[in-house]
Each structure stands twice: as C-alpha cells, then as structure tokens.
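**Q** Would you be able to build a 3D model of this:
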Amino acid sequence: MIGYGEVGRILAADMQARGIHDLIVWDRLFASVESAPSRAAAVTPHLHAATGAAEALRERTHVISAVTAGESLAVAREIASLIEPDTIVFDLNSVSPRTKRAAAAVIDAAGGRYVEAAVMSPIGPKRIESPMLIGGPHAAAFLTDAHAMGFRGVRVCDGIVGRASAAKMCRSVMIKGIESLLVESLLTARRYRVEDIVLESLHDLFPHEDWERLAAYMVSRSLQHGGRRAEEMREAAGAVAEAGLAPWMSEACVRRQQWAAAHATAGGRAALVQILDTLLAAIPDVGVENA
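**A** The predicted structure follows:
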C-alpha cells in the first residue's frame, strides 16, 4: 500500500483484521519520524512499514495507491518504474478522468494491470466496505480479489478508464461545494447573528433532522481536510473543463477549501457556534452591527 494517511490507515487496519498479514505500506512521510504516518505506523502492531518504495513494491502482486490527488500521477510513475509484469495497481485516488488515464498509461506501459477506483462516500463509516466504483479493462477480473481483501462495496462501473472517476468528480463538485457554501454562508450569518434563521430555512428546503449537527460536521471536515479537498477540487475543476464547461464553481471551491485548511485548529470545537466564533475571531471585524 502506497500512502498511509487517513484512507491508507483505515484500509490497512481492516485488511489486517481480515487476516491479510502479507501487507507492506510505504508513505514518503515515513522519512520524518514526527509525521502523522510515521507516528501511526510506530504504534500499529505487526505492520510492515517499508523503508522505501522499492522495498514496498518488490515482488508484490497487488499495489493499492492511496495518496493525495496532487501526488497521484507522480506516484503512478514511481510504481510503474518498480513493479513486476502483471501486477495489479488499484488506484483509489480522487482525480480527474484525464489524470486517471495518464496513470493507467504509465502502468500499462510497464506491463502492469491498472484498475481505477472511485470512493463514493466518506471512508470513515463503512471503512473498507465503503461503496466504490471500479473501472478499466482489468476491473471485472479484479472484482473477486477485491472482495477477498475486504472491499465488499466495490462494483464495476465501466471497462473504460475514466468513467468511474468522472462520477466521483461530479459528486465532489456537489459535496465539497456544499461544504464550502456552508462555511461561507454560516460565517456570514453568525457575524449578523442570524445563523439559527438560516439553518431553519435550510431544513424547509432540504429536510434533515438536525441541520446544526450536519453543518458542524461538514464545516469541521472542511477545516480538517481542506488541503486535501482543495487538491481534489482542482482535479474536479479539470474534469469539468474536460467536459467543455467553465469550472467557475469548482475553482471557487478550491479557494474556500484552501482557506479552511489555513484555519484547521478551529475544527476541534464541538458545537457549530464555537467553530464559527473561533473562525470569526481570526477574521478582521469590518463593522457589522451585532444584534
């Protein structure tokens, strides 16, 4: 497994729990003992953390790529330079169809068998059994292996590389866009002291049992993972542009997610109002009359 961030850690733990012990993980941040991947690897029993990509990929039959969107293609090239022929490369990264096709081309040129994947929900609730679309000419043959490893939510989308990721990118435009809109809307509403009215009006339009709790969750996720989401939304903007549309909304989402990443510490607050007030404390007051 290449990448030992949130997704990689969850998948590795679940695979080990299912009796898969011949698993090697590598993350470029292992080079720093203070990094989150290094600290997590150090306290995980029976985990084989490689000293480099070459060790991780030597004589492997399956490779799982679970890195950030910005690293996806570079990692595919590194994998291609090290794998044995017929190695299956299962690419979980949230990138545009064009980036997936580029990754597939370098893996195929090296004699590997590329399978694209698109994770279609947050990874936390269902973990390794999260719904995933897989695609490419090797996807159907890989399905049995995927289920054996614990990827029970996997289903084949298409034999053409790029269509599964297109579905994921379109979903990201919506989900990350809603997160960004909530951050902007509710910060503004809190400045004017009308956040309760706004949340109530959202319930009228989009019924949900607890909009305040949902908003706190989505805003805090944006703060916690804003950097990674910004990278993904750059890929989503690329997917929109590839379809011939100007990605105005997606590009704006990149900026808001980047802003959220710079204020990540506010995400540690429990209640929505606490999160909003912590964020507002870092923004200059422009003279809004607080009721």
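
**Q** and the top helix by length along the chain, what does it pack onto?
**A** In the chain, ranked by residue count with DSSP state H as the criterion, the top helix is helix 211-242. Contacts defined by 3 or more C-beta pairs under 8 Å, 6 or more residues apart in numbering; DSSP states H and E place helix 211-242 against helix 97-109, helix 163-192, helix 195-205, helix 248-261, helix 272-281. (C-beta placed from N, C-alpha, C; glycine too.)

**Q** Could you find the closest non-adjacent residue to the residue nearest the centre of the chain?
**A** If you average the C-alpha coordinates of the chain and look for the closest C-alpha using C-alpha atoms, centre = their mean, you land on residue 94, 5.9 Å from that point. Computed as C-beta to C-beta, 6 or more residues apart in numbering, the closest residue to residue 94 that is not its neighbour in sequence is residue 232, at 4.5 Å.

**Q** With residue 18 instead?
**A** Taking C-beta to C-beta, 6+ apart as the measure, residue 18 lies nearest to residue 150, with 4.8 Å between them; neighbours along the chain are not counted.

**Q** Would you list the phi and psi of residue 114?
**A** With angles defined as degrees, to the nearest 10, residue 114 shows backbone torsions of phi -90, psi 130.

**Q** the strands in the stretch 1-150 of the chain, which residues?
**A** All strands of the stretch 1-150 of the chain, identified by DSSP state E, counting those that start in this stretch, fall at 24-25, 48-49, 62-65, 88-91, 113-119, 132-135.

**Q** how near is the residue nearest to residue 94 to residue 240?
**A** Going from residue 232 to residue 240 by C-beta to C-beta, to the nearest Å gives 13 Å.

**Q** residue ranges with poor pLDDT in the chain?
**A** For the chain, the stretches with pLDDT under 70 are 286-287, 289-291.

**Q** 90 instead?
**A** Across the chain, the stretches falling below the confidence threshold (pLDDT under 90) are 21, 124, 203-209, 265-270, 282-291.

**Q** and the closest residue to residue 138 other than its chain neighbours, what are its bridge partners?
**A** Leaving aside its sequence neighbours, residue 138 sits nearest to residue 113 (C-beta to C-beta, 6+ apart; 4.3 Å). Beta-bridge partners of residue 113, counted by DSSP bridges, are residue 88.

**Q** Can you list phi and psi of the residue nearest to the centre of the chain for me?
**A** For residue 94, the backbone dihedrals are phi -90, psi 90 (criterion: degrees, to the nearest 10).

**Q** Do I have it right that it meets residue 118?
**A** Yes: under the contact definition of C-beta atoms under 8 Å, residue 94 touches residue 118, with a separation of 7.5 Å.

**Q** Which neighbours do these two have in common?
**A** With contacts taken as C-beta atoms under 8 Å, 6 or more residues apart in numbering, the residues that reach both residue 94 and residue 118 are 165, 168.
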